[in-house]
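Enquirer: Predicted structure and sequence below. I'll ask about it afterward.
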Amino acid sequence: QVQLVESGGGLVQAGESLRLSCAASGFTFNRHTMAWYRQAPGKEREFVARITWNGGDDTYAPSVKGRFTITRDNAKNTVSLQMNNLKPEDTAVYYCAARNRVDVGGDYPYWGQGTQVTVSS
């Protein structure tokens, strides 16, 4: 079955970095757009970053652009999120998500269980 397993979360101070990883299985990874979302306490889940099936294009939320970088390794079925210059407002549970590459603009049917990122001031 489809599995997305996030790792790499933790507690850091403002200005520090973290790298999140997501290991995918149970579907054809290189046919799927991959994305990261996050949900802070008391808030709705929000888009963070997205990368196309071949890594040729990426998109970021304005709040993280220039600080976060999404990458993928189709040989290892993994997607990563490098987060630099973290801010307290980046504190959230971060989720990995996948959708078929032809489903442009559609919902993400596959989700991981999330990994907690906490940034202290």
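Expert: Here it is on my side, so go on.
Enquirer: check which helix or strand covers S21.
Expert: Here S21 sits within strand 18-25, counting by DSSP states H and E.
Enquirer: oh sorry, the question was meant for L11
Expert: Using DSSP H and E, L11 sits within strand 10-13.
Enquirer: Can you list the strands that that strand pairs with?
Expert: With DSSP bridges as the test, strand 10-13 is paired with strand 115-120 (parallel).
Enquirer: So what's the residue count around R72?
Expert: 23 (other CB atoms under 10 Å). Every C-beta, even on glycine, is put in place using the N, C-alpha and C of the backbone.
Enquirer: Contacts only, for the closest residue to it other than its chain neighbours.
Expert: Counting by CB to CB, 6 or more residues apart in numbering, R72 lies nearest to V79, which is 4.5 Å off, once chain neighbours are set aside. Shown in contact with V79 (CB atoms under 8 Å, 6 or more residues apart in numbering): S21, C22, A24, M34, W36, I51, I70, T71, R72, D73, C96.
Enquirer: Surely the fifth one is in contact with I70?
Expert: Right, the one you point to is W36. Yes: look at W36 against I70 with CB atoms under 8 Å: they come within range, at 6.4 Å.
Enquirer: Looking at those two, which one has more neighbours?
Expert: Using other CB under 10 Å as the criterion, W36 and I70 rank with W36 on top: 26 against 21.
Enquirer: what about the helix or strand just after the strand holding S21, average pLDDT?
Expert: Toward the C-terminus, strand 18-25 is succeeded by strand 32-39 as the next helix or strand (DSSP H and E). In this model, strand 32-39 carries a mean pLDDT of 98.
Enquirer: I'd like the contacts of V79 written out as JSON lines, with distance to Y60 added.
Expert: Below are the contacts of V79 laid out as JSON lines (distance: CB to CB, whole Å):
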{"residue": "S21", "distance to Y60": "18"}
{"residue": "C22", "distance to Y60": "16"}
{"residue": "A24", "distance to Y60": "20"}
{"residue": "M34", "distance to Y60": "13"}
{"residue": "W36", "distance to Y60": "10"}
{"residue": "I51", "distance to Y60": "10"}
{"residue": "I70", "distance to Y60": "8"}
{"residue": "T71", "distance to Y60": "12"}
{"residue": "R72", "distance to Y60": "15"}
{"residue": "D73", "distance to Y60": "19"}
{"residue": "C96", "distance to Y60": "15"}
